[in-house]
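Trainee: just a sequence and a predicted model for now, questions to come.
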Amino acid sequence: SHIFLGKNKLMQIAMGRTPEDEYSDNLRHVSKLITGSVGLILTSRPREEVESYFDSLVEEDFARAGSEAPKKVVITNEMVATHPVSMVEQFRKLGLPVEAQNGRVGLIGGKKEHVICKEGAILSAE
């Protein structure tokens with residue numbers, strides 16, 4: 001198997017754009033499809049095997065605004081306490097109920113944990 005990544009124009013020229021300059025029969029049709037962010041994989045393996053291989057390589061990515069929360073996220077008092085007191089204002093701007101307690105950051109009202117988002121909820125930028 002071979003994977004080709006490179007400049008689109010270069011790959012188009014290498015395959016050929018017309019019947020006269022194409023490397024092999026009908027490669028000009030593939031050449032026309034090379035636009036945007038693409039790569040080519042050439043293999044003798046069945047399509048299903050290749051697709052299942054690449055499906056298994058999916059990595060979790062950071063959640064973005066507007067997407068659905070994949071799980072419940074909870075911040076504990078111990079997690080917040082590791083940050084300097086100078087960050088209290090930043091946490092408050094993000095909506096976290098925190099305060100400075102004896103030179104340490106802690107959740108307001110002696111709470112042990114604060115729910116950031118629930119599973120299935122739509123995330124906002126805040």
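Mentor: The structure has been received and is ready for your questions.
Trainee: shaky segments in this structure?
Mentor: Under the criterion pLDDT under 70, the flagged ranges of the chain are 126.
Trainee: helices of that one, start to end?
Mentor: Here the chain has its helices, by DSSP state H, at 8-15, 27-32, 47-55, 77-81, 88-93.
Trainee: ok, now which ones touch the closest residue to R45 other than its chain neighbours?
Mentor: In space, R45 comes closest to S1 once its chain neighbours are excluded; the distance is 6.7 Å by CB to CB, 6 or more residues apart in numbering. (Glycine included, C-beta is placed from N, CA and C.) By CB atoms under 8 Å, 6 or more residues apart in numbering, S1 lies in contact with 41-45.
Trainee: phi and psi next, for the residue lying farthest from the centre of the chain.
Mentor: Within the chain, E20 marks the point farthest from the mean C-alpha position, 42.2 Å out by CA atoms, centre = their mean. With angles defined as degrees, to the nearest 10, E20 shows backbone torsions of phi -70, psi -40.
Trainee: G95 now?
Mentor: As for G95, its main-chain torsions (degrees, to the nearest 10) stand at phi 90, psi 10.
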